[in-house]
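1. generate a structure from the sequence data that follows.
(3 chains)
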Amino acid sequence: MNFSKEIIQWYFQNKRDLPWRKTKDPYRIWLSEIMLQQTRVAQGLPYYEKFTEVFPTVYDLAKAEESQVLKLWQGLGYYSRARNLHYTAKDIVNNYNGEFPSSYSALLKLKGVGDYTASAIASICFDEIAPVVDGNVYRVLARYFDVDLPINSTEGIKMFKKLAFEVIDHDDPANFNQAIMEFGAVQCKPQSPYCIICPLASSCLGLKNQHVTTLPVKLKKTKVKNRWFNYIVIVSNQEETLLEERKGKGIWQGLYQFPLVETDKAVDDIEQHQLEIEEMIALKDVSITQFNQKPIIHKLSHQHLHTTFWVVETTNSLKNGIPLQEIRKYPVPILIGNFIEAFDF
DNA sequence: AAGGCGGGGCA
DNA sequence: TGCCCAGCCTT
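-> Numbers count the residues shown, from 1 in each chain, chains lettered A, B, ... in the order given. Purely as a prediction, here's the structure:
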């Protein structure tokens, strides 16, 4: 049996029972694929359940407020996915009569839909012979064919796409694509793959040449930048606080946070920032107390945020204050969400 | 071509 | 701790 038939057979015997495998509705397949970008199935699953419940159709998603979409997305990360998701839902409703396009090349035009996602939807929903190449596929192909081209080099990307075109099953591209990804996730795992019980072991070149543990090859890691965040948490006796929306470029675009003072090192004397803070929150002569003695280090893949929360109590009324009862309605990064849960307003 | 963009799980 | 995860967009 050849590579693709073997993979598909393995899939039929080992596939997990996942909700998006019970449908060919392009809306739901699209939704699941966006959510699973750079995200494990276990992490994305509860979000998929929530979204399909709240937004059963693309029309429901299109008519929602972006802040509601972001709120439901809260905790999943890479929030531009959520913004693009909402944008494309409106695009589908307004410009495609509510119907997703049915070809790889047409799907590729949608915002937030790249080579992988267009291939996934085209094959799963419309049986187009469009091979997917995600992290799992890179690993399976690199090992099986013993290819040490870096998977994130231009040449590597071209080569693995070519290999994927050569192995994709023309009779059943939908199941083949899901099969090779599932095989990578469950059997040909990054760490300690089950080569002993692998149905492809006899023809796997990486295994034969003892390269399994070093494949796939990936170029350099991202350098981590350190940043120091000081959040000003206002507690007014009128049951209000201040939140601001993060705009422009950078992390957490569109999410809310407390007023922020970013410094280039840890703050040891808050009085040096007293005036700056008072101007920012439009209050005078406030007393500032430190909530956490040691900075909370919130780790993103490319930034470490050394975060201190400073509490300001006031009896004055706030300009643009929000009622404390409504604080949980705002989409916030996990760092802020954790604080809100820990801090007894 | 390279860098930015989250949060969590695992060895 | 470092690496990886059903990648995409911007510069």
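2. check contacts around the closest residue to A:Lys284 other than its chain neighbours.
-> Here the nearest residue to A:Lys284 in space, its sequence neighbours aside, is A:Glu278; by Cβ to Cβ, 6 or more residues apart in numbering that works out to 5.7 Å. Every C-beta, even on glycine, is put in place using the N, C-alpha and C of the backbone. Residues near A:Glu278 by Cβ atoms under 8 Å, 6 or more residues apart in numbering: A:Lys284, A:Asp285, A:Val286.
3. for A:Glu278, report the pLDDT, please.
-> As summarised for this prediction, A:Glu278 has a pLDDT of 91.
4. can I assume it sits in a strand?
-> No: secondary structure of A:Glu278 (DSSP: H, G, I helix; E, B strand; the rest coil): helix, not part of a strand.
5. and it, how far from A:Pro333?
-> Computed as Cβ to Cβ, to the nearest Å, the A:Glu278 to A:Pro333 distance reads 25 Å.
6. tell me which residue of the stretch 51-200 of chain A lies closest to DNA strand B.
-> DNA strand B sits closest to A:Gly77 of the stretch 51-200 of chain A, with a gap of 2.5 Å, by Cβ to the nearest atom of the strand.
7. repeat that for the stretch 201-345 of chain A.
-> A:Ile251 (3.1 Å).
8. could you report the neighbour count for that residue?
-> Number of residues near A:Ile251 (other Cβ atoms under 10 Å) recorded here: 13.
9. in contact with it, which residues?
-> By Cβ under 8 Å, 6+ apart, the neighbours of A:Ile251 are A:Leu300, A:Gln303, A:Pro333.
10. now A:Ser203
-> A:Phe3, A:Tyr144.
11. can you rerun that using 10 Å?
-> A:Met1, A:Asn2, A:Phe3, A:Glu6, A:Tyr144, A:Phe145 (Cβ atoms under 10 Å, 6 or more residues apart in numbering).
12. ok, it to DNA strand C distance?
-> Distance, A:Ser203 to DNA strand C, using Cβ to the nearest atom of the strand, to the nearest Å: 22 Å.
13. check what pLDDT that residue gets.
-> A:Ser203 is given a pLDDT of 96.
14. from A:Glu6, how far out is it?
-> Counting by Cβ to Cβ - A:Ser203 and A:Glu6 are separated by 9 Å.
15. what are the ranges of the strands in chain A?
-> A:225-236, A:240-241, A:244-245, A:256-257, A:260-263, A:288-290, A:296-299, A:303-314, A:322-323 (DSSP state E).
16. most neighbours per residue, which of those?
-> strand A:240-241 (a mean of 20; mean count of other Cβ atoms under 10 Å).
17. run me through the strand neighbours of it, direction for each.
-> strand A:322-323 (antiparallel) (DSSP bridges).
18. how about the residues of the stretch 201-345 of chain A by DNA strand B?
-> Within the stretch 201-345 of chain A, the residues that sit near DNA strand B (Cβ under 7 Å from any atom of the strand) are A:219-220, A:222-223, A:225, A:249-253, A:298-303, A:333-335.
19. sorry, back to before: burial of the residue of the stretch 51-200 of chain A closest to DNA strand B, as a residue count?
-> 17.
20. again, but for the one 5 residues further on
-> For A:Ala82, the neighbour count with other Cβ under 10 Å is 26.
21. what count of nearby residues applies to the closest residue to it other than its chain neighbours?
-> Sequence neighbours aside, A:Trp73 is the residue nearest to A:Ala82 in space, at 3.8 Å (criterion: Cβ to Cβ, 6+ apart). The number of residues packed near A:Trp73 is 24, by other Cβ under 10 Å.
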